[in-house]
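Q: would you be able to build a 3D model of this:
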Amino acid sequence: MAQDTPGKGPLSEEELQELVSSSDAGARNPAGAVGTFLAIVAVVWSVFQVLLASPISNLVLPGAVINNDRSIHLAFGLFLAFMAYPALKSSPRHYIPIQDWIMGVLGAFIAMYGFFFYEKIVKSGGLADDTDKWFALLGLLLLFEGARRALGPAMAIIATIFLLYVFFGASPWVPDVIRWKGASLQKAMSHMWITSEGVFGIALGVSTKFVFLFVLFGALLDKAGAGNYFIKMAFGALGHLKGGPAKAAVVGSAATGLISGSSIANVVTTGTFTIPLMKRVGFSSEKAGAVEVASSVNGQIMPPVMGAAAFLMVEYVGISYVEVITHAFLPAAISYVALVYIVHLEAVKTNMPTLGDRAVSMGKTIGGMALFFVGFALLCYGVQYPVKAIIALMPGASGLTLSALVVAAYVALLWLAAGTDDLVPDDPNAEVVELPVVSEIYRAGLYYLLPIIVLVYFLMIEQKSPGLSAFWATTLLFVILLTQKPLKAIFRGQTNMTETFMNGVADLWQGLIDGARNMIGIALATATAGVIVGTVTLTGVGQVMADLVEFLSGGNLILMLVMVGLLSLILGMGLPTTANYIVVSSLMAGVVVELGAQSGLIVPLIAVHLFVFYFGIMADVTPPVGLASFAAAAVSGGDAIKTGFVAFFYSLRTVALPFVFIFNTDLLLIDVGWAQGILVAITATIAILVFTAGTMGWFLTKNRIYESVVLILIAFALFRPDFFMNRIQPPYQQIEPTTLVERLDTAPTGRELRVVVSGPDFDTGEPKETTMLLTVGPETSGQERLDALGLIVMEEDGIAKLDEPMFGTPASGDLGSFDFYGDEPVQLAIVQVPADQMPKELVFIPALILLGLLAFLQRARASRQGDPA
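A: Predicted structure coming up:
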């Protein structure tokens, strides 16, 4: 049995709850009238956000309130931050000092400054006057202090540095490469606080319209008992296997991560049960903590919530929510598959014992789980057909009919649940661990799936806005919380109806409070990150970051991506998922797009944003900050730094996947049909398992070094078959740039051509190149197609020179950094058209044959050595 690190021990349950509350919901919880008042404020915030997302918001809320919803959202967040989060560790926990009351009320007032003085700001055109600028500066200082309390010092420090750069960017002590002209206090405050370019920008808007409802949905679902149900189901299905507690931790954390925006809360919520059981079967404190960290942090990349980053991507990338989660799903899913395989290999390598005395084959378990998930997905998809039939039959009363059917389904499932005992959390430290039996407990929580089905249906099938979808799912949870206990009492023949109903009211009340308190940090994170976004738009520092990365990488594409990944990791240290994504995407996404184009790599914007997002969230894992690793070490009693390093090793697939989908966007299911998508999913799953076997040093038995190398090579071939096929048959054929118009004349609509444009840089005058992907339009002639793209080509002395493209055309954005009026011309240097190429999937055949050969050799060796399988 693994031993705790000497001198350390796991924290008590009370200390763990203090850890979660201090990081996610605030450590201060005053009693009496003050506590009741703060609870009412939190509930009012939740109710306001629900009304704001409802279809009747325009009827129940004044127009001025709807127009200033971001200000009101931040006012609630700031006020509750100063109430819930003490200033220092030594600050009182049971009462609120007078200075916190002053800062909380003042912060809320300044957050709503635009609401109170709307007419004056409109008349000034959004330009701050002498009074406005001082209120705005005070507002920023209070925001930074609130963020420091709620999120830790990292966010406030980063935002302060960026704000100082706005004011002092012209100082001589600022390096030339990042120096800019600077801004006056009036201009900076107008940009940061008065307009929607800074604090009240897109990020806070997404927090207001979408994120709150999903956080509230998660809080209510957990309060209803779904979290415990998911964990019990995971342990019932997987706990009896070798390394079962670790496998159950992965699945349980995945289920929790679907509805959680916090990796720390996920670690502590599931880890208090899973980590002691992992240690019981032989995992060390650090490895047990690392499994929980890797599982919980992975929850932040898992649709539909993705730590709230999914909703921000909709705004930043400019694609629909359905597209975002479609592109993000496969990498997240195979990442979890790999993590289950990692803990399986850890268990096999040391021949760990199993928990309980049930003997169930792993094949049946995996088959049963796969059948459940496929069935659930088909149910979510198939429900649209009866819904459409009902709408067609009774268009006037369809809404009422469908609501009645959902309620009927809920009552039926609740009747089923009433036939079994209510689930209570198990004690992982009990002398005898009795694993739940899935066939006995599954009925107890089937009705928890209804709100998730409603959410998925509105998001994916109806394609309603995330806010409206979450509203309907949350409304159903209101019904569930209020009625589940009384209805169970009726079905069980009990008579304590009033008591059970009041228990339901208390659960709903507490769920509304939990949702609001969990949102404090996210509201302040998105507002504070707005300062960083505002600095980027005001100063143009994003271009400076591109220059810096280009200088450090020497123009090498792979090194450039590594540099961007490392910078995203550093920028994300100590930040919650939402703020993390805003910061890294604002600063680094443009760098990948620009430098990739210069190196001939055309990457869809969603791939770039997922790339920086994956590396940003790894900051929760990696020392020296690694907040999730510290939380896991607090549960396990292990060493936090060692836990972080082990968790990073377990998360290598999360580091490798972004590089894969940057070069092979099929993994993101971009422009992929159903048949090809299924093939990509199968081969990607095999590839991630093979990569895991290679990096863990164990396939069917312990790998020899060359076998690990071969396994990683096979994984690479499965992930990037185009790398090998492009060397057998080049994908593009080069043509003379001067013949571009003739080629466009005969090219079929939708065909893609690659052109490399070279010329002097507008800022430096230095020669540069960029690669563009031209999609042939429906126009009839080559010249018309060229005009539609915005390219103005003039042939002189055998050179295809370019004139400045028309503003607003596709080419104007790609070529905006070139100097079209310098001595050296901007020209088409290279034009490439697609060449005939064999299907890249043919590379899978030799890769899989090599894998089969390696498996045959290892199985023969394992049988001779008697290795555990």
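Q: this structure: strands as residue ranges?
A: In order along the chain, the chain carries the following strands (DSSP state E): 732-735, 752-760, 767-775, 792-796, 799-803, 827-834.
Q: please identify the most buried of those.
A: Across the strands of the chain, the average number of neighbours (mean count of other Cβ atoms under 10 Å) peaks for strand 752-760, which reaches a mean of 19. (C-beta placed from N, C-alpha, C; glycine too.)
Q: report the mean per-residue pLDDT for it.
A: Per-residue pLDDT values over strand 752-760 give a mean of 88.
Q: mind listing what it pairs with, with the direction of each?
A: With DSSP bridges as the test, strand 752-760 is paired with strand 767-775 (antiparallel), strand 827-834 (antiparallel).
Q: export it as PDB, just CAs?
A: Below are the C-alpha coordinates for strand 752-760, written out as PDB (Å, rounded to 0.1, in the frame of the first residue of the first chain):
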ATOM      1  CA  GLU A 752      -8.500  25.600 -53.400                       C
ATOM      2  CA  LEU A 753      -5.300  27.200 -54.700                       C
ATOM      3  CA  ARG A 754      -2.300  28.200 -52.600                       C
ATOM      4  CA  VAL A 755      -0.500  31.400 -53.400                       C
ATOM      5  CA  VAL A 756       2.700  32.700 -51.700                       C
ATOM      6  CA  VAL A 757       2.900  36.500 -51.700                       C
ATOM      7  CA  SER A 758       6.200  38.200 -51.100                       C
ATOM      8  CA  GLY A 759       7.100  41.900 -50.600                       C
ATOM      9  CA  PRO A 760       8.300  44.500 -48.100                       C
END
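Q: which residues sit against it?
A: Residues outside strand 752-760 that contact it (Cβ atoms under 8 Å, 6 or more residues apart in numbering): 600, 602, 732, 737, 740, 743-744, 747, 766-776, 802, 814-815, 818-820, 822-834.
Q: pull the number of nearby residues for Ser403.
A: By the other Cβ atoms under 10 Å criterion, the neighbourhood of Ser403 contains 14 residues.
Q: just to revisit the earlier point, quick one: closest of the strands of the chain to Gly77.
A: Checking those against Gly77 by Cβ to Cβ gives strand 767-775 as the closest, at 41.6 Å.
Q: mind checking how far the closest one is from the chain centre?
A: The gap between the average C-alpha position of strand 767-775 and the chain average comes to 31 Å, counting by Cα atoms, centre = their mean, to the nearest Å.
Q: and if you look at stretch 783-802?
A: Taking Cα atoms, centre = their mean, the mean C-alpha location of stretch 783-802 is offset from the chain mean by 42 Å.
Q: change the start of the numbering to 25 and stick with it
A: New numbering, starting at 25: the last item is stretch 807-826.
Q: who touches that stretch?
A: When contacts are defined by Cβ under 8 Å, 6+ apart, stretch 807-826 is touched by residues 761-762, 764-765, 768, 771, 781, 783, 798, 800-801, 803, 827-830, 832-836, 839, 844, 849-852, 855.
Q: select only the buried ones of those residues in ChimeraX?
A: Buried residues among the contacts of stretch 807-826 (16 or more other Cβ atoms under 10 Å), as a ChimeraX selection:
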select :761,764,765,768,771,781,783,798,800,801,828,829,833,834,835,839,844,849,850,851,852,855
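Q: which ones among the contacts of stretch 807-826 lie within helices?
A: Cross-referencing those with the helices (criterion: DSSP state H) gives 764-765, 768, 834-836 as the overlap.
Q: ok, so of the residues you listed, who is nearest Leu492?
A: Ranked by distance to Leu492 (Cβ to Cβ), the ones in helices among the contacts of stretch 807-826 are led by Pro834 at 32.7 Å.
Q: could you check how far that closest one is from Ala812?
A: Distance check for Pro834 against Ala812: by Cβ to Cβ, to the nearest Å, it reads 8 Å.
Q: what do you get for Glu310?
A: Spatial separation of Glu310 from Ala812 under the definition Cβ to Cβ is 59 Å.
Q: likewise His368?
A: For His368, the distance to Ala812 - Cβ to Cβ - is 54 Å.
Q: okay, the closest residue to Phe635 other than its chain neighbours: pLDDT?
A: Nearest non-adjacent residue to Phe635, counting by Cβ to Cβ, 6 or more residues apart in numbering: Pro682, 4.3 Å away. According to the predicted model, the pLDDT of Pro682 comes to 92.
Q: for Pro682, the count of nearby residues, please.
A: Under the neighbour criterion other Cβ under 10 Å, Pro682 is assigned a count of 24.
Q: about what we covered before: more neighbours: His368 and Ala812, which one.
A: More crowded of His368 and Ala812, by other Cβ under 10 Å: His368, with 21 against 15.
Q: OK, contacts around the more buried one?
A: 265-267, 271.
Q: repeat the analysis, applying 10 Å as the threshold.
A: Contacts here follow Cβ atoms under 10 Å, 6 or more residues apart in numbering; on that basis His368 touches 265-268, 270-271, 274, 386, 716, 720, 722.
Q: can you tell me which member of these has the lowest pLDDT score?
A: Looking at the contacts of His368 by pLDDT, the weakest one is Met386, with 61.
Q: with Leu426 as the reference, measure out to Gly491.
A: 20 Å.
Q: higher neighbour count, those two?
A: Using other Cβ under 10 Å, the more surrounded residue of Gly491 and Leu426 is Gly491, with 21 against 16.
Q: tell me if I'm right that that one and Phe236 touch.
A: Yes. Using Cβ atoms under 10 Å, Gly491 is in contact with Phe236, at 8.7 Å.
Q: find residues that contact each of the two.
A: Going by Cβ under 10 Å, 6+ apart, residues that sit against Gly491 and also against Phe236 are 73, 76-77, 230.
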